[in-house]
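**Student:** For reference, the sequence and a predicted model appear below.
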Amino acid sequence: CNILKKIEKLYSDENYIHFLYIHASSDFLAEKTSNEEDKIELKQHIYFYENEIRNRVSDKDIVFLVSALGGETGSTVSPFIAKIVMTTNALCIGLFSFPFTFEGNHKNIKARKAYKAIRNQIDSLVCIENDSFLEANLKSKSLTDINNLFSDSNEHFIAVIRGIVGLVSRPGMINVDFSDLKTVISKMGLCTVGYSTQQGNQRADVSIQNLLNSPALKNRDISRALGWIINITAGVNLSLEEFSTVGSNVEDLCSSDATVVVGTCINPDLIDEMEVTVIVTGLPDFLINDTLDSNESYDFVTISKSIEFEPHHVSAGLSILTYFNEFVHQKYSGTATRVRIEQNNTSVILIIETPSGEVELIEKSLKEFGMVVVGEIQASDILERDMDIERLKMKLEMAAMELRHNEKILLLYQSENDSNKNKTNQQ
């Protein structure tokens, strides 16, 4: 989110860029923005904010989804947002960083699970491994600069946003159509970025050489990339020769079947500086352990139903509610829904974890199950197999017997208690 603060400063005078912060912490959101329109506080699973998020992005041409993978919000929320954006006409570009190795195995595994969940739900992902910048940082930063360890990945992500936004919004010597940009980004998967800012007579050559030495590019097999986007930003003194120099250097790196888009942005505030940004798309995917379950966190929605029982009804209520798990799997064979029960004195909580695509089915099943329990409909009205119908009827009969038994014991206890009170009063 530090990235967005810098972008806000860069485009503070522009009305075509909008920001949306999504987090579960109100303190975090308050620190980032005071504008209620620019934030969504997650008080429940992000599934329940789907319509709100879709409404916020439905009229946008490009959506940049920025987060650090490995943490709770970035890993569980990002895949779902990407899935929502991809149902609109917006081009969705993910900007994600992987944790440092020293942050622990748990966080790194979580980041890779999130990546597996995201990669098929998004157009392109610019993923930067923080470890790739660690060696240079250890040499150049002291322990007092430890917060700046993340500045390298942040700056590369800013370069992506600045480069793409510049190509489609600012005039240049060579302009780029949005449709061309979309061709190189849409459904391209893993991407990376390099950028360099230089001055002087050799600025074009030096920019290319420097950005190629960036760890973000150097550690990728860019020769197999399917697409290249090159943005050359300079002042009014940008020459055709410099444009040609950058283009020729990039051409030497591309495969013959790669799609290349080259554009320029003229920024009058740049006197002698030239910034070259290269976004490489359609790279070979990360080698991720296929045994990692990518769906275990982000796509599961938790539904909770709390029921308050009379003390002598609790055991019978528990017996019935425990059967709901079996009922769901009888009704929807193959569902990944998981059910568990928690009890706090006379309060029983039914907790259901279900894939987001099955929420409506599960909520319908809850209603139907409740109607069978109270006798408004029959088990045969909602279950197909005779065996399943008989098992549910048997479960309800056993619970009813237990309830009658408990009520009889309660009456006996009350009768005995009243008798003891009378004897005490007579004495």
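**Tutor:** Happy to help now that I have it.
**Student:** so what's the nearest residue to Glu129 once chain neighbours are set aside up against?
**Tutor:** Among residues not flanking Glu129 along the chain, Phe98 sits closest, at 4.5 Å (CB to CB, 6 or more residues apart in numbering). (Glycine included, C-beta is placed from N, CA and C.) The contact partners of Phe98, taken as CB atoms under 8 Å, 6 or more residues apart in numbering, are 69-70, 108, 111-112, 115, 127-131.
**Student:** Lys218 versus Phe98, what's the distance?
**Tutor:** Using CB to CB, to the nearest Å, Phe98 is found at 16 Å from Lys218.
**Student:** picking up where we left off before, let's see which of the contacts of Phe98 end up in helices.
**Tutor:** 108, 111-112, 115 (DSSP state H).
**Student:** Tell me the most packed of these, by neighbour count.
**Tutor:** Comparing the ones in helices among the contacts of Phe98 by number of neighbours (other CB atoms under 10 Å), Tyr115 comes first, having 25 neighbours.
**Student:** Just checking, which helix or strand succeeds the lowest-mean-pLDDT helix or strand in the chain along the chain?
**Tutor:** Among the helices and strands of the chain, helix 134-140 carries the lowest confidence by mean pLDDT, DSSP states H and E, at a mean of 60. Once the chain leaves helix 134-140, the next helix or strand it forms, by DSSP states H and E, is helix 151-169.
**Student:** what is the mean pLDDT for that following helix?
**Tutor:** Averaged across helix 151-169, pLDDT comes to 82.
**Student:** How about the residue nearest the centre of the chain, nearest residue that isn't a chain neighbour?
**Tutor:** Nearest to the geometric centre of the chain sits Ser78, at 1.2 Å (CA atoms, centre = their mean). Nearest residue to Ser78, sequence neighbours excluded (CB to CB, 6+ apart): Ser67, at 4.8 Å.
**Student:** I'd guessed Ile62 sits against Ile93; true?
**Tutor:** Yes. Applying CB atoms under 8 Å, one finds Ile62 in contact with Ile93, separated by 6.7 Å.
**Student:** Compare those two and say which one has the larger neighbour count.
**Tutor:** Shown here are Ile62 and Ile93; by other CB under 10 Å, Ile93 has more neighbours (26 against 19).
**Student:** State the mean pLDDT of the helix or strand where the more buried one lies.
**Tutor:** Using DSSP H and E, the element containing Ile93 is strand 91-98. Mean pLDDT, computed over strand 91-98, is 90.
**Student:** low pLDDT regions in the stretch 1-150 of the chain?
**Tutor:** 1-2, 10-14, 135-150 (pLDDT under 70).
**Student:** And the strands in it?
**Tutor:** For the stretch 1-150 of the chain, the strands defined by DSSP state E, counting those that start in this stretch cover 21-23, 39-41, 62-68, 91-98, 124-129.
**Student:** buried stuff in the fourth one?
**Tutor:** The neighbour-count check on strand 91-98 (16 or more other CB atoms under 10 Å) flags 91-98 as buried.
**Student:** could those residues be laid out in CSV, adding distance to Lys39?
**Tutor:** What follows is the buried residues of strand 91-98, written out as CSV (distance: CB to CB, whole Å):
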residue, distance to Lys39
Leu91, 23
Cys92, 20
Ile93, 21
Gly94, 20
Leu95, 19
Phe96, 20
Ser97, 21
Phe98, 26
